[in-house]
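Chemist: Fold the following, please.
(chains A and B)
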Amino acid sequence: MRVSLFVTCLVDQLWPTIGSATVEVLRRAGCEVVFDERQTCCGQPAFNTGYRAEARLLARRFIEIFEGSDAVVSPSGSCTAMVHHFRDLFADDDEWRPRAQALASRTHELGSFLVNVLGVDDLGASFSGRVGWHDACHGLRDLNVHREPRRLIQKVRGVEFVELANADACCGFGGTFSVKYPEISVAILDNKIDAIEKAGVRAIVSSDASCLMQIGGRLSRNGSTVKPMHLAELLAAREDVQQTV
Amino acid sequence: MDLQTQTTETFDENARRALVDPQLRSALRKLTVTFGERRAQAIGSVDDWEGLRERARAIKDETLSHLDKYLADFADKAERAGAQIHWADDGKDVCELIIRLLQERNAKQVVKSKSMATEEIHLNAALEAAGITPVETDLGEWIIQLAHETPSHIVVPAIHKSKKQIADLFVEKLGIEPTDDVDRLTSAARRILRQRFAEADAGISGVNFGVAETGSILILENEGNIRLTTGLPKIHIALMGIEKVIPRFADLDVFLKLLPRSGTGQRLTAYQSIITGTKKSPGDEGPEEVHIILMDNGRSRMLAHPVTRQSLACIRCGACLNACPVYQQIGGHAYGSVYPGPIGAVITPQLIGIKKAAQLPYASSLCGACREVCPVKIDIPELLLHLRAQIAEGTAITTEAPPRKALESFAFRMYAFAWSRPWLYELGGRVLRVLQRPAVRDGRIGKAGKLMSKLMPPLGAWTAWRDARPLAPRSFREMWRADNQQRG
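Modeler: Have a look, this model is predicted:
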């Protein structure tokens, strides 16, 4: 299957290894990956802050760039959900709304694409140690992605999966919320951090670079050894692990 | 700290203050965890919870799209049953009307049951100014009345207070012997409140549901005080927001399953009072006069737009408060409004005007937990985004538009301009990579200095508590290009 990678601006600029891990995983799953270099951002920061004209500008661009693809895959539940929200931006626009809807139906978050579209759950990955999962809110509640990442993680050789008590609770990021109300954002975050530290995991895995930067930024400030890791990075990992049967 | 000085406009300060109050935060943790668990358990006892939610929302949508008809039906049926119907445009109208009704009947002592609608219009203050003494009879509501505070939760108004604080309050205000025994505290409250019921000239209540088919009102409670408030005094005045009407008596079946489970995690509240007009013969029990006030107070404005209309489906269960990560940290008072939490953040700006409450729609991470628990499926994140757009674009449908944020607006215009041009986006990344160099240590950006925080407030806000991830030495697109050249 030919897949168009929507890498997201955050991954492109700040955490590009998530992008290369996504390419690696998709290729292992038998996909041909293309990357259109005209892509920048889906417009979510503008949409979520209320700047709809600016969000529409970027949404139209996005649709033009991607609507020729059979499938668009992104290593972000949040940015994928934004593409699904394009129809709200064009609620009164009969030309763009159908185009937005058509594109949304072909745009997938990585974990969901692997499990639900390709029917793959074992990517031949290996990683040793305890691993926790954080449900990024938009993947969970806008796209209904819940069991897919768990299934994928449990297939990774050497991984001991730990279900955190508050896996589905918000990490407090929320885009501009994280800097408009940083004290509240961090108070929310600290519940997540407590659970992660109590679980004694080697890595905390999620499907959104934004949540991982929020969680990772606090872990790093606290001097923690827990590694924030994107699902794609875990699925691409090939560590030498002792096989125990 | 005097709670009265916390307003919607000082949300950020209120929140900061709440975050450093360990007693409040431990109370909130207990409340939100307990109520969350109880709710989860209670909805487990319903076969088709999703189906119920959908039916409830469909009933609300049907009502709201023909609100004029259902209100007219309700008023007609209620009048035929002996109730007197009054229509009020806003809170001021309601207060004047109630004061007039009471003064005409020489009523000085009033008992009240818990009602968010009366809180919304600050009825108690208006009554006191007119020389009428209102006494709250819901225990939590009475506690905050004694303490001269406002509710911090829609369902459990005094949840921010500890047992010790309540005991001290009772000693100070009621002159009881010091005790920390809950039974002794509640029996002291009961003893005094019983006296107030006996003396009361009138009872004022809210309304959970008004049934158009029969003209009945339904009020739910657990303490029995509503029975006494609406049954004992000669006059009963019920204040009902116009959105509280439902078409048929049978619709209660749906809402009675949803509301107690969502609110307190109960299968059913201890009491459900259904009141249809006045007593039918002089020998019957109950008030001689029943007045129902139908209040608009900004609600028809919400009705006008398809997105904001869903705000009126709210049945005031409080489930979204308990589920909200922001409410869980800061509690109700920080919102500076009688309606706190996610639903408060969407209702308050529509009630009092976006200008005064411009911070509230942003007080959310848009995580969607509120939408997930809402028994009538209100898409609160959608409403928050709608209000944010009104603020950002200065297109408020409510009263006055808030001042536009010039700097933020400029930043987003620049963002849209640059990021719709890939070369400019890429150039921006390269420039930032050079600029960030002095700040990067061990692959991360630590706490920004005072000057940097002034120059770039978001960086300062982020790095005060969290390390920031610097831009990578090579972007993904550069890596992709290099990779493809190799392959090519």
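
Chemist: Give me the domain ranges for chain A.
Modeler: A:2-116, A:122-236 (automatic domain parsing).

Chemist: mean confidence score for the lengthiest helix in chain B?
Modeler: For chain B, the longest helix by residue count, based on DSSP state H, is helix B:22-44. Helix B:22-44 shows a mean pLDDT of 94.

Chemist: go on, stretch B:182-199?
Modeler: 94.

Chemist: residue nearest the centroid of the chain?
Modeler: In the absence of a named chain, chain A is used. A:S76 (2.5 Å; C-alpha atoms, centre = their mean).

Chemist: think we crossed wires, I meant chain B
Modeler: B:Y339 (3.0 Å).

Chemist: gap between B:V254 and A:G175?
Modeler: Distance, B:V254 to A:G175, by C-beta to C-beta, to the nearest Å: 36 Å. Where you see a C-beta, it was placed from the backbone N, CA and C, and this is true even at glycine.

Chemist: How about B:M452?
Modeler: 21 Å.

Chemist: Wasn't the residue nearest to the centre of chain B part of a strand?
Modeler: No: under DSSP: H, G, I helix; E, B strand; the rest coil, B:Y339 sits outside any strand and is assigned coil.

Chemist: For the chain, which segments count as strands?
Modeler: No chain in the question, so chain A it is. A:2-5, A:32-34, A:71-74, A:107-109, A:126-133, A:157-162, A:203-206, A:227-230 (DSSP state E).

Chemist: try again with chain B
Modeler: B:84-88, B:109-112, B:133-136, B:202-205, B:209-211, B:216-221, B:235-241, B:245-246, B:271-275, B:289-295, B:440-441, B:444-445.

Chemist: circling back to that earlier point, counting neighbours, go ahead and name the busier of B:V254 and A:G175.
Modeler: B:V254 (22 against 16; other C-beta atoms under 10 Å in any protein chain shown).

Chemist: low-scoring stretches of chain A, by residue?
Modeler: Within chain A, the ranges that satisfy pLDDT under 70 run A:242-245.

Chemist: actually chain B, sorry about that
Modeler: Using pLDDT under 70, chain B drops low at B:1-4, B:396-401, B:486-488.

Chemist: May I see the domains of it written out as residue ranges?
Modeler: Split by automatic domain parsing, chain B gives B:1-43+B:314-404, B:46-297, B:418-487.

Chemist: so which of the ones you listed gets nearest A:S224?
Modeler: domain B:418-487 (10.9 Å; C-beta to C-beta).

Chemist: what packs against the longest helix of chain B?
Modeler: helix B:11-19, helix B:252-263, helix B:319-323, helix B:325-330 (3 or more C-beta pairs under 8 Å, 6 or more residues apart in numbering or on different chains; DSSP states H and E).

Chemist: Tell me if the shortest one is near chain A.
Modeler: No: contact of helix B:319-323 with chain A (C-beta under 8 Å from any C-beta of the partner chain) is absent, the minimum separation being 9.6 Å.

Chemist: next one: that helix to chain centre, how far?
Modeler: Relative to its chain's centre, helix B:319-323 lies at 10 Å (C-alpha atoms, centre = their mean, to the nearest Å).

Chemist: go on, the longest one?
Modeler: Once both centres are worked out by C-alpha atoms, centre = their mean, helix B:252-263 turns out to sit 18 Å from its chain's centre.

Chemist: Now do the top helix by length along chain A and helix B:22-44, the angle between them.
Modeler: Looking across chain A with DSSP H, the single longest helix is helix A:182-199. In terms of direction (axes from the mean of the first three to the mean of the last three C-alpha atoms, to 10 degrees), helix A:182-199 departs from helix B:22-44 by 70 degrees.

Chemist: just the angle between helix A:182-199 and strand A:126-133, please?
Modeler: Using the same axes, to 10 degrees: helix A:182-199 against strand A:126-133 is 130 degrees.

Chemist: Distance from helix A:182-199 to the middle of the chain?
Modeler: The answer for helix A:182-199 is 20 Å, by C-alpha atoms, centre = their mean.

Chemist: Point out the other helices and strands that that helix packs with.
Modeler: strand A:126-133, helix A:177-180, helix A:209-221, helix B:11-19, helix B:325-330.

Chemist: And chain B, is the second one touching that?
Modeler: Right, the one you point to is helix A:177-180. Yes: residues of helix A:177-180 contacting chain B under C-beta under 8 Å from any C-beta: A:F177, A:S178, A:V179, A:K180.

Chemist: hang on, A:L152 packs against A:D121?
Modeler: Yes: A:L152 lies in contact with A:D121 (C-beta atoms under 8 Å); the separation is 5.6 Å.

Chemist: Quick check: neighbours shared by the two?
Modeler: A:L114, A:V115 (C-beta atoms under 8 Å, 6 or more residues apart in numbering or on different chains).

Chemist: These two: which has the busier surroundings?
Modeler: Counted by other C-beta under 10 Å, A:L152 and A:D121 do not tie: A:L152 has more neighbours, with 25 against 17.
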